[in-house]
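Novice: Can you look at this prediction? I've put the sequence above it.
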Amino acid sequence: MKVLSLVIAATLSMAQALSASSTTSPALTPEVDVGAAYDASTFPIAPEDLVIRAKQVMGPDIGIGTKDDGACLADDFVFCAAVVGPLPRDEYLDALDSFKLDESFDIDPNYFAWNVDPLQTNRVWFMGRSVAKHTGTFVGVEATGKELVMPPQQFHLDFNEEGLVKEIGFYTVDRQQGNTGGLGGAFGYFYGVGKPLPIPEAKPFKPSFRFRTLQIVGAMGKKLSGGKKKQ
């Protein structure tokens, strides 16, 4: 009877061990302790308040400086996107004023995922998946009613201690989506109405001759090395 009890106990113990090992989750990737980073920050504007400020700046009453005559922009403001800039304050405002996108398009920016960078606590990151209907003449092209779908874009706003914008930038994060050739920002609107700017940066991505050559050479090298191994 005692032996049977020992066998049962050992079996149960083994079953529990197997069950525990089968339900153990893989180790999670290390992450920044966001709360601790925010607590240690010396930036005077709290993260939740900075996000609200960012939403105000991007809103229709301010329009990133286009609706308030640049009052939201710091004197040392710069615009710096993936291939454009850095542009200083006055050049940035002049460029946007010349485009007048909101007079030619009904734009829904579809912003989301607002958060403060825990390692740079004066910066707010957010994303956008803009959709725009062509409702007015733009660069000589009369309204077509066409819906432009921009690729997903990642934006950032940097603020100074007074809550003024020091820097804005954005980057296309998936050029395979949308119908503007993978182009975001003003480039996407020009391309979308069939008037792309005459520079490579304002056209859909195309690998350079050198890059294509490297790909061909790499593929040939892979085939040759594979053939040698088989021999």
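Specialist: Yep, that arrived.

Novice: So which residue is smack in the middle of the protein?
Specialist: Centroid check for the chain by C-alpha atoms, centre = their mean gives Q154 as the closest residue, at 1.7 Å.

Novice: That residue and P196, how far apart?
Specialist: As for Q154, its distance to P196 is 22 Å (criterion: C-beta to C-beta, to the nearest Å). Just so you know, the C-beta spots here come from the backbone N, C-alpha and C atoms, and that holds for glycine as well.

Novice: now do T213
Specialist: To P196, T213 is 26 Å away according to C-beta to C-beta.

Novice: Any stretches of this structure with poor pLDDT?
Specialist: For the chain, the stretches flagged by pLDDT under 70 are 1-23, 227-231.

Novice: Would you map the helices across it?
Specialist: In the chain, the segments counted as helices under DSSP state H are 2-23, 34-40, 47-58, 89-99, 101-104, 185-192, 209-230.

Novice: tell me which residues of the last one are tucked away?
Specialist: Neighbour counts using 16 or more other C-beta atoms under 10 Å place no residue of helix 209-230 among the buried ones.

Novice: again with the fourth one
Specialist: Neighbour-count burial for helix 89-99, with 16+ other C-beta under 10 Å as criterion, is recorded at R89, Y92, L93, L96, F99.

Novice: any chance of the residues you listed in a markdown table, plus distance to K222?
Specialist: Formatted as a markdown table, the buried residues of helix 89-99 follow (distance: C-beta to C-beta, whole Å):
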| residue | distance to K222 |
| --- | --- |
| R89 | 50 |
| Y92 | 46 |
| L93 | 51 |
| L96 | 48 |
| F99 | 46 |
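
Novice: and of those, the nearest to N160?
Specialist: Among the buried residues of helix 89-99, R89 lies closest to N160 (C-beta to C-beta), at 12.9 Å.

Novice: list the contacts for that closest one?
Specialist: G70, L73, A74, D75, D76, F77, V78 (C-beta atoms under 8 Å, 6 or more residues apart in numbering).

Novice: Around the fifth one, how many other residues sit close by?
Specialist: It stands for D76. By other C-beta atoms under 10 Å, 11 other residues sit near D76.
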